[in-house]
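**Q** Please find the sequence and the predicted model below.
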Amino acid sequence: MKRFLPLLALAALVAVPAASARPAAVPTLNAGKLVVAFGDPNPGFVNGSVRGSKFINPKGYEVDLAKAIAKKLHLTTEWMYSPWTGLFAPGTKKFDVSFQEATITAQRKKTVDFSTTYMNANQGVLLSKQAPVPHSLADLRKLQTCAQQNTTGLAYIQDHLKPAKQPLVFTTTTALYQSAQLNKCQAVILDVPLVSLEAKSKPGAFGPVAGQIVTHEQYGAVLQKGSKLTPVIDRTIKQLTKNGTVGKLQKKWFNMNFAKVHVLK
Amino acid sequence: MHALHQVLHAFFNPHSYTLAMPDVWAGFQVNLRMMAVAEVLVLVLALGIAIVRGLPGPAAKPLRALAIAYADFFRGTPIIIVAFLVGFGLPGLQLGYISNRSFTTYGIVALTLVYTAYVTEVYRAGIESVHPSQRAAARSLGLSYMKTMRYIIVPQAVRRVIPPLLNDFIGLQKDTAIVSVIGVSEAALNAGQFSNRNGDFPSYVVAAVFFILITIPLARFTDHLVQKRERLERAQAF
């Protein structure tokens, strides 16, 4: 033991100034690294390819936002894929923070933490090519609606819209959009930024976006319930909103004012 | 102690059971319907294909090849892929009747396609297990191939393959949950939806219990048949 004492002393000498240089280490899963999870690719928000639980070369608004946050916190980033199904299931998360257009709701807050909002989103109505265009919510009730499992869109259909036909429910966004392209589903009910950008990215595949339903929803990043990182991310998103970064990124990726989409009543 | 409490709360919260029951039961009725229809279709179609596969003579060679190709393809393809192929592929064809069915119907078609391939093999094993002298005797009495099958071979073969047949049906009953991927609101999907909304898992347990309630009796019945057959065969040995 004696032999190592000088070595220990030396180590302490090196370690102490290093620790004091960064007084508050950011409480991530792996020191110095921010593990960011994305969900199914969605145009504008996050594009890239998913290989198992890896997200290869993601690009989009949420990716740039995550990069900006990591930069502010002096962290490196690691990307991963975390499916939407199970995002709000209780349990240990494998990511530090996940951006997947998740609407902040009281119900979900019981099992996960949400960051402060990084975007507003109402519900949008995307029609299939053959569907008659609804001019009111009463018209919309007559169509075959569909939604993704575990979304506020589905909750809206079941709790508020209550259409004549049972909505079709899909586990992935891909299957949801596919059913609308096949006219099996006449009206997709999903966040208005998502459906607007999907329609724009595949011209001719769908009918028009019939409008938006004002629900005053907001997207927040998802974190482990009770995570010590939540206040840190909150603070950073607020700073980035204040200094205009968030607005600039939205303009860069969406180039679309979703507030101007026709409102269905 | 805390962990035990967590487990009890997450999986066995009685309040969530009562809440989840109606939704999951409504979904399970769809499973039951798919099972019933698919099982009848599989029984009939698989026997037909097994018989085609055993057709004698060089003239029937293309038919035999088709039957083999069918069984190879659908036995080797994951059912989830068949579900997408049928559920999204057929409507994409825009061919009137076949493109305008419900997703539940497409689910039944996918299950039938896959399980017919399995059951064809089961039937074939049964047919081949009947002693060749039976066939030879029937043919020498002047019965045609079809009549030999109808009156001599198939009745003996089917009795022998009932246990493995029921085994495949247990598989089919469970796999009705897989076709939820094409938007069939069955028990597993409804349970998932409920679990996501409520933040716990009793709804999944409820769905599991429903499936178990119908597969266990079938499994015991299969055991019973196997035992009965063993007793019979031992008796014959003396």
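**A** Okay, I see it. Residues are numbered from 1 along each chain as shown, chains lettered A, B, ... in the order given.
**Q** Can you tell me the closest non-neighbouring residue to residue 172?
**A** You didn't pick a chain, so chain A it is. Across the structure, with C-beta to C-beta, 6 or more residues apart in numbering or on different chains as the measure, the residue nearest A:Thr172 apart from its sequence neighbours is A:Asp40 (5.9 Å). Where C-beta positions appear, they are placed from N, C-alpha and C, glycine not excepted.
**Q** not what I meant, chain B
**A** Counting by C-beta to C-beta, 6+ apart, B:Tyr115 is the residue found nearest to B:Leu172 once chain neighbours are left out, at 4.8 Å.
**Q** Make sure the one you found is indeed in a helix.
**A** Yes - under the criterion used here (DSSP: H, G, I helix; E, B strand; the rest coil), B:Tyr115 sits inside a helix.
**Q** And it, what's its pLDDT?
**A** B:Tyr115 is assigned a pLDDT of 96 by the prediction.
**Q** Surely it is in contact with B:Leu43?
**A** No - between B:Tyr115 and B:Leu43 there is no contact, the gap being 9.8 Å when judged by C-beta atoms under 8 Å.
**Q** Comparing these two, which shows the higher neighbour count?
**A** Set side by side, B:Tyr115 and B:Leu43 show unequal neighbour counts under other C-beta atoms under 10 Å in any protein chain shown, the larger going to B:Tyr115 at 25 against 17.
**Q** how many neighbours does A:Phe38 have?
**A** When neighbours are defined as other C-beta under 10 Å, A:Phe38 has 26 of them.
**Q** if you skip the residues just before and after it, what's nearest to it?
**A** Spatial nearest neighbour of A:Phe38, chain neighbours left out: A:Val46 (4.5 Å); criterion: C-beta to C-beta, 6+ apart.
**Q** pLDDT averaged over the lengthiest helix in chain B - what is it?
**A** Within chain B, and with DSSP state H defining each element, the longest helix by residue count is helix B:14-53. Per-residue pLDDT values over helix B:14-53 give a mean of 91.
**Q** buried sites along that helix?
**A** Taking 16 or more other C-beta atoms under 10 Å in any protein chain shown as the neighbour-count basis, helix B:14-53 is seen to contain the buried residues B:16, B:19-20, B:23-24, B:27-28, B:30-32, B:34-35, B:37-39, B:41-43, B:45-47, B:49-53.
**Q** Quick one: name the residues of chain B near chain A.
**A** B:10, B:88, B:91-92, B:103, B:180-183, B:185, B:189, B:192-193, B:195-197, B:199-200 (C-beta under 8 Å from any C-beta of the partner chain).
**Q** So A:Lys94: helix, strand or coil?
**A** The local conformation at A:Lys94, judged by three-state DSSP, is coil.
**Q** any chance you could map the helices in chain B?
**A** B:2-12, B:14-53, B:61-76, B:79-93, B:96-99, B:103-129, B:132-140, B:145-147, B:154-175, B:187-198, B:202-237.
**Q** can you check chain A too?
**A** Taking DSSP H, the helices of chain A run over residues A:5-21, A:61-72, A:106-109, A:137-141, A:152-156, A:173-181, A:192-201, A:230-242, A:245-254.
**Q** mind checking how far the closest residue to A:Ile233 other than its chain neighbours is from chain B?
**A** In this structure, A:Ile233 finds its nearest non-sequential neighbour in A:Ser115, 4.6 Å apart by C-beta to C-beta, 6+ apart. When distances are taken as C-beta to the nearest C-beta, to the nearest Å, A:Ser115 and chain B turn out to be 19 Å apart.
**Q** pLDDT at A:Ser115, what is it?
**A** For A:Ser115, pLDDT reads 95.
**Q** Is it possible to mark the buried ones in the residues of chain B next to chain A?
**A** Judged by neighbour count, with 16+ other C-beta under 10 Å as the criterion, the buried members of those are B:10, B:88, B:91, B:103, B:180-183, B:185, B:189, B:192-193, B:195-197, B:199-200.
**Q** Can you say which of the helices of chain B is nearest to A:Asp96?
**A** Taking C-beta to C-beta as the criterion, helix B:187-198 is the member of the helices of chain B that comes nearest to A:Asp96, at 22.1 Å.
**Q** Who are the packing partners of the closest one?
**A** Helix B:187-198 is packed against helix B:14-53, helix B:202-237, with contacts defined by 3 or more C-beta pairs under 8 Å, 6 or more residues apart in numbering or on different chains; DSSP states H and E.
**Q** The residue nearest to A:Ile233 contacts A:Val97, correct?
**A** Yes - taking C-beta under 8 Å as the contact criterion, A:Ser115 and A:Val97 are neighbours in contact, 7.2 Å apart.
**Q** neighbour count winner among those two?
**A** More neighbours surround A:Ser115 than the other of A:Ser115 and A:Val97, with 27 against 24 (other C-beta under 10 Å).
**Q** From B:Ala83, how far off is the more buried one?
**A** Between A:Ser115 and B:Ala83 the computed distance is 37 Å (C-beta to C-beta, to the nearest Å).
**Q** Output the below-cut-off pLDDT ranges for chain B.
**A** B:1, B:236-238 (pLDDT under 70).
**Q** Pick out the residue nearest the middle of it.
**A** To find the centre residue of chain B, average its C-alpha atoms and take the closest one (C-alpha atoms, centre = their mean): that gives B:Leu172, at 3.0 Å.
**Q** for chain B, what are the nearby residues on chain A?
**A** Applying the criterion C-beta under 8 Å from any C-beta, the portion of chain A that neighbours chain B consists of A:85, A:88-90, A:107-108, A:110-111, A:146, A:149-150, A:154-155, A:166, A:168-172, A:175, A:178-179, A:182-185.
**Q** How many neighbouring residues does the residue nearest to A:Thr172 have?
**A** One way to gauge burial is a neighbour count; for A:Asp40, by other C-beta under 10 Å, it gives 19.
**Q** you'd agree it is up against A:Phe170?
**A** No - judged on C-beta under 8 Å, A:Asp40 makes no contact with A:Phe170 at a distance of 11.0 Å.
**Q** Count the neighbours of A:Ile233 for me.
**A** Burial of A:Ile233 is recorded as 25 neighbouring residues (other C-beta under 10 Å).
**Q** Which residues are in contact with it?
**A** Taking C-beta atoms under 8 Å, 6 or more residues apart in numbering or on different chains as the contact definition, A:Ile233 lies against A:69, A:97, A:115-116, A:221, A:223.
**Q** Equivalent analysis for B:Ala50, please.
**A** Contacts for B:Ala50 (C-beta under 8 Å, 6+ apart) come out as B:67, B:120, B:123-124, B:127.
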